[in-house]
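*Asks:* Fold the stuff below for me.
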Amino acid sequence: MSDPTAPKVALVTGASRGIGHAIALALAARGFALFLAAEGTAEELAGAATACRASGAPDAVSAIFDLAAEGAAEAMVSAALARFGRLDVLVNNAGIRCRKPFGSFTRAEFRALLAVDLEAAFFASQAVLPAMRRQGGGRIIHIASQMGRVAAEENALYGAAKAALLQLTRNMAFELAKENIQVNSVSPGPIATQYNIESYGRMPGRTELMTSRVPAGRFGRPEEVAEAVAFLATCETGYIQGHDLLIDGGYTIH
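*Replies:* Prediction:
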């Protein structure tokens, strides 16, 4: 069993910017020590770790991992455990997108996207299980997407990967609940990340169209997704299992 007085430790992937960065800061503010992983620049990721320490994390370190590479997810978990000796929360946030009309995807694009968006989460989760079992439990949170539930143009590949991640969440929870390991997911809708702002900005009228489909009438903020993740990471109840928490401003209710 784990030491109840020790700081809890979270591993967050894709933590250098956007939603992942916001998740790291939210967990830091709640006293988690953090291992931050991303594929971006070391300077950007180190800056995220510095921001986490300033936000309340007792410790925060970072490392670059290409999660599309075979064995990278397992190596990442091993590095986090070597640094902290425990892992209480794993947040599988890293993801890539490939927007193209169906019929034009290549096998290379298919494999690259699934390697990061699905395979890395699968094998990182498997890799963390021995430690969580030794500790007497833990929490695994997948960052999925509303696109795993609804259809949209040029999203066949991304949507398929996120739908598979939702099913993985349910299956993992079904098997691991008896071991006090909670597995849930969070599905963001239209969020004002740098990627989305720049992507939609290249398509005239796209931002207005997306906003018109959201009952809340606006894009969400990365911090709003982070609050949902922090809730699942810290809530007192152990009875939330296999749940997908939509943070979409009501996009999928109509």
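
*Asks:* switch to C-alpha atoms for all contacts and neighbour counts from now on
*Replies:* Noted.

*Asks:* Taking the centroid of the chain, which residue is nearest it?
*Replies:* With distances taken as Cα atoms, centre = their mean, Asn93 lies nearest the centre of the chain, 2.0 Å away.

*Asks:* Go ahead and confirm that residue touches Gly18.
*Replies:* No: the pair Asn93 and Gly18 does not pass the contact test of Cα atoms under 8 Å, sitting 10.2 Å apart.

*Asks:* Dig out what Val89 forms beta bridges with.
*Replies:* Ala10, Arg139 (DSSP bridges).

*Asks:* Look at it and report its pLDDT.
*Replies:* What the model reports for Val89 is a pLDDT of 98.

*Asks:* From Gly201, how far out is Ala152?
*Replies:* According to Cα to Cα, to the nearest Å, Ala152 and Gly201 sit 18 Å apart.

*Asks:* next one: Ala124
*Replies:* 34 Å.

*Asks:* Which one's more surrounded, the two?
*Replies:* Between Ala124 and Gly201, counted using other Cα atoms under 10 Å, Ala124 has the larger neighbour count: 24 against 12.

*Asks:* Please report how far the more buried one lies from His254.
*Replies:* Distance from Ala124 to His254, by Cα to Cα: 35 Å.

*Asks:* give me every residue that touches the residue nearest to the centre of the chain.
*Replies:* When contacts are counted by Cα atoms under 8 Å, 6 or more residues apart in numbering, Asn93 touches Val12, Thr13, Gly14, Ala15, Ile19, Gly20, His142, Ile143, Ala144.

*Asks:* how close does it sit to Ser187?
*Replies:* Asn93 sits 11 Å away from Ser187, going by Cα to Cα.

*Asks:* can you map out the strands along the protein?
*Replies:* All strands of the chain, identified by DSSP state E, fall at 9-13, 33-38, 60-64, 89-92, 138-143, 181-188, 244-247.

*Asks:* out of the ones you listed, nearest to Ala108?
*Replies:* strand 33-38 (21.1 Å; Cα to Cα).

*Asks:* Adjacent strands (with direction) for that closest one?
*Replies:* Going by DSSP bridges, the partners of strand 33-38 are strand 9-13 (parallel), strand 60-64 (parallel).

*Asks:* related to what we said a few turns ago, pick out the most distant pair among the contacts of Asn93.
*Replies:* Ala15 and Ala144 (15.2 Å).

*Asks:* I'd guessed Asp66 sits against Glu39; true?
*Replies:* Yes: under the criterion of Cα under 8 Å, Asp66 makes contact with Glu39 at 5.2 Å.

*Asks:* most remote residue from this protein's center?
*Replies:* Outermost residue of the chain (Cα atoms, centre = their mean): Pro204, 29.2 Å.

*Asks:* Phi and psi next, for that residue.
*Replies:* phi -50, psi 130 (degrees, to the nearest 10).

*Asks:* Mind naming the longest helix for this protein?
*Replies:* The longest helix of the chain (DSSP state H) is helix 156-176.

*Asks:* Next, the angle from it to strand 138-143.
*Replies:* 160 degrees (axes from the mean of the first three to the mean of the last three Cα atoms, to 10 degrees).

*Asks:* low pLDDT regions in the protein?
*Replies:* Low-confidence segments of the chain (pLDDT under 70): 1-4.

*Asks:* What ranges does it have for its helices?
*Replies:* Going by DSSP H, the chain shows helices at 18-29, 42-54, 72-84, 107-114, 120-135, 156-176, 194-201, 206-212, 222-234.
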